[in-house]
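In: Sharing a model that was predicted from the sequence below.
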Amino acid sequence: MQEKILILDFGSQFTQLIARRVRELNIYCEIHPFNHYPEIDSTVKGIILSGSPYSVRQEDAPRFDFEKFHTTRPILGVCYGAQYVAHFHGGEVLASSTREYGRANLDFINRANPLFKNIPENSQVWMSHGDTIASIGDNFEIIASTDSVKVAAYQVTGTQTYGIQFHPEVTHSIDGKQLLENFLVDICGCSQDWTPDSFIETTIAALKEKLGDDKVVLGLSGGVDSSVAAVLLHHAIGANLHCIFVDNGLLRKDEYEQVLDSYKHMGLNIKGIDAKARFYDALAGLSDPEKKRKAIGRVFIEVFDDAAHEVQDVKWLGQGTIYPDIIESVSVKGPSATIKSHHNVGGLPDFMKLKVVEPLNTLFKDEVRRVGKALGIDPNILGRHPFPGPGLAIRILGDVTPQKVAILQEADAIYINNLRSYGVYDKVWQAGAIFLPVQSVGVMGDERTYENVICLRAVESLDGMTADWCHLPYDLLAKISNEIINNVKGINRVVYDISSKPPATIEWE
Ligand SMILES: Nc1ncnc2c1ncn2[C@@H]1O[C@H](COP(=O)(O)OP(=O)(O)OP(=O)(O)O)[C@@H](O)[C@H]1O
Ligand SMILES: O=c1[nH]c(=O)c2[nH+]cn([C@@H]3O[C@H](COP(=O)(O)O)[C@@H](O)[C@H]3O)c2[nH]1
Ligand SMILES: NC(=O)CC[C@H](N)C(=O)O
Ligand SMILES: [Mg+2]
C-alpha cells in the first residue's frame, strides 16, 4: 500500500504549495478539507495542518478533532495549524500589533531538535500572519524564535507534534525544504520512493485489476493530460481502449489533422469525430461565459455517449483529469464559489451509464509531464501548452461564430509560430490569442478601418493555479503585432495582457 502524508486544509492559499514540496521530496501526499478526510489508516505516516485566512479566536474558525491524532502520528502545524494547537492546549493566541508579512530570521534555533537538523543559524524564513502565539502550554517547548516572534517553532514535549509560525513551503524560507525533509523523513519515517517509474508501475497494475476485460472510451484532446492518461491505459488494457478525438470547431488552426496524425504513430486506437456543427449550433446566440461552458460540456457528453454506443459494451469513460482540476472544485467550507466550471469535473449525467476512470487525478501538471517522459511519449506532445477543453470558445469574448473562430485561429497561429521560431515557446507556460468583440478605428492604406482587437496572453506558471504575465521581448511583440494586423482580415489592433493570476485568470472567460 502506498504510504502517504495527509495535509489537512484550513483554507490557506499555500496549501497546494505544501503538497508540491512534499511531492518534490518523492513522497506521496493528499490534501483534504479539515472537516472531511478519509480514514487515518496505517498508510498515513504523518499529518500537516495548513494555514488559514481565519483567526483561531474567531467564533466560526475551522475546528477539528486534534485529540484524535495527537500522539498517534507525527503532526506539523503550519501557521494557523500551529496557532490552533497552541491556543487550545494551554497557550494563548492574540492579535499582534502589526501584521507580519515577509522575511524574518531565526535568531534562536534549538540545534538538537530533529526538526532543525542541518538548518543554519539565522536561517531566513517567510512569515504571513496577523496573530501571534503569545504563550504556550507547560508541556510545550520553544525550539526557534525570531527577534519579534518568540514562538516561531515549538514541540509538544514527549510527542512528535510540532508547530511553526513561518511557511516552509514558500521558497523565501531558504531552508524550508530541509525542514520539511526533516519532518517527513526523519520524524515521520517516509521512504521517498514515490517516483514517476513507481507511479507508472502501480498505476498500470491497479488499472489492470480495476478494468479487467472491460472496454474504455477516452476523450483524447491532443493535450498533455489525456495523452499521458491514454498511454497508461493502453499499457494496461491494450485494444480495449478506444480513443476519441472530437473536432469541436474550437481547436487551434490545423490542430485536428496534426493531432490525429501524431497519435496514429503511437499505436493508439483513435477515432476522429467531426462535431463542429453540433458545437456551433449549441453556442449560437450564447454570450454568457458560464452558459457557453455548460453548453460545450453538454455537447461533449452527448458526443462521447454516441461514440460509446458505437463501440458497444463500453463500461468506462476515461478522462485526463489532474489533481488541480479536483482541488479547485473542493473547498474547506463546502463547495467553493464556482469561478469557472471545468467541464471534466463533477460527474456524468444520469443517462450516461458509464463509470469514470481517471488515472492522473492525483498528479500535478509537471508530474504528469515527468510520467509522460518516463513512458517515452513524444516531447512535442508533452511540451504543448495547456489548452482548455472549451477551446477557442472561451478565448472569443461574447458570442461565438465560425467567422470569429477562423479569425482567431489565424491570429493565434501567427502568435504561436513566432513564439516557437524565437525560441521562447518552451519557456512560456501557456500562450494564446484572445478575440475581443471591441471595434476600434484604424487607418490602412489611407482608408479608415473599424475592426476588432486581438489580445495576446502569455503567462509563466508552475501549475496554472497562480501565474505571472511573461515579459516577452518588445521586438518579438512588434513582429507578431505587425504580422497579425497585416495578414488577418478583420483585425486592426493588437494589445498585450499584463495581468497576473490572481486577481486575473489565465483565460478571459
Ligand atoms: N477535443 C477533445 N476531444 C476529446 N476529448 C477532449 C477534447 N478536449 C478535451 N477533452 C477531454 O477533456 C479533458 C480535459 O481537458 P484538459 O484540457 O484539462 O486536459 P488535456 O487537454 O488532456 O491537457 P491540457 O491541459 O494539456 O490541455 C481531456 O483530458 C480530455 O479527456
Ligand atoms: O480543460 C479545461 N477545461 C476548462 O473548462 C478550463 N478552463 C480553464 N482551463 C485551463 O486551466 C488553467 C487555469 O485557467 P484559469 O486561470 O483561466 O482558470 C489554464 O491552463 C486554462 O487554460 C481549462 N481547462
Ligand atoms: N497564514 C496563516 O495561517 C495565518 C493564520 C492567521 N489567520 C493569522 O493571521 O495569523
Ligand atoms: Mg486540453
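Out: Good, I have the coordinates. For clarity, every value in this text was computed on a predicted model and none was experimentally measured. Ligands and ions are numbered 1, 2, ... in the order given.
In: contacts and neighbour counts: CA atoms only from here.
Out: Fine.
In: Next one: the biggest helix by length in the chain, is it in contact with ligand 1?
Out: Longest helix in the chain, counting residues (DSSP state H): helix 289-311. No: judged by CA under 6 Å from any ligand atom, helix 289-311 makes no contact with ligand 1; its nearest approach is 7.6 Å.
In: Can you show me the CA trace of that helix as PDB?
Out: Presented in PDB, the C-alpha positions along helix 289-311 are these (Å, rounded to 0.1, in the frame of the first residue of the first chain):
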ATOM      1  CA  PRO A 289     -19.200  32.600 -20.200                       C
ATOM      2  CA  GLU A 290     -20.800  30.100 -17.900                       C
ATOM      3  CA  LYS A 291     -23.600  29.300 -20.300                       C
ATOM      4  CA  LYS A 292     -21.100  28.800 -23.100                       C
ATOM      5  CA  ARG A 293     -19.000  26.500 -20.900                       C
ATOM      6  CA  LYS A 294     -22.100  24.500 -19.900                       C
ATOM      7  CA  ALA A 295     -23.300  24.200 -23.500                       C
ATOM      8  CA  ILE A 296     -19.900  22.900 -24.600                       C
ATOM      9  CA  GLY A 297     -19.800  20.400 -21.700                       C
ATOM     10  CA  ARG A 298     -23.200  19.100 -22.600                       C
ATOM     11  CA  VAL A 299     -22.300  18.600 -26.200                       C
ATOM     12  CA  PHE A 300     -19.100  16.900 -25.300                       C
ATOM     13  CA  ILE A 301     -21.000  14.400 -23.200                       C
ATOM     14  CA  GLU A 302     -23.500  13.800 -26.000                       C
ATOM     15  CA  VAL A 303     -20.800  13.100 -28.500                       C
ATOM     16  CA  PHE A 304     -18.900  10.800 -26.100                       C
ATOM     17  CA  ASP A 305     -22.200   9.000 -25.400                       C
ATOM     18  CA  ASP A 306     -22.800   8.400 -29.100                       C
ATOM     19  CA  ALA A 307     -19.300   7.200 -29.600                       C
ATOM     20  CA  ALA A 308     -19.600   4.800 -26.600                       C
ATOM     21  CA  HIS A 309     -22.700   3.300 -28.100                       C
ATOM     22  CA  GLU A 310     -21.000   2.800 -31.400                       C
ATOM     23  CA  VAL A 311     -18.100   0.900 -29.800                       C
END
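In: now for it, which elements pack on it?
Out: On a contact count with 3 or more CA pairs under 8 Å, 6 or more residues apart in numbering; DSSP states H and E, helix 289-311 meets strand 215-219, strand 241-247, helix 276-283.
In: switch to 10 Å and redo it
Out: Applying 3 or more CA pairs under 10 Å, 6 or more residues apart in numbering; DSSP states H and E, one finds that helix 289-311 contacts strand 215-219, strand 241-247, strand 270-274, helix 276-283, strand 314-318.
In: which element follows the strand or helix carrying Ile381 toward the C-terminus?
Out: Using DSSP states H and E, Ile381 falls within helix 379-382. Downstream of helix 379-382, the next assigned helix or strand under DSSP H and E is helix 402-421.
In: Check which residues of that next one are buried.
Out: Residues of helix 402-421 classed as buried by neighbour count (16 or more other CA atoms under 10 Å): 404-416, 418-419.
In: swap in stretch 29-44?
Out: Buried-residue list, stretch 29-44, by 16+ other CA under 10 Å: Cys29, Glu30, Ile31, His32, Pro33, Phe34, Val44.
In: closest to ligand 2 among those?
Out: Here the nearest of the buried residues of stretch 29-44 to ligand 2, counting by CA to the nearest ligand atom, is Ile31; it sits at 19.1 Å.
In: Noted, bye for now.
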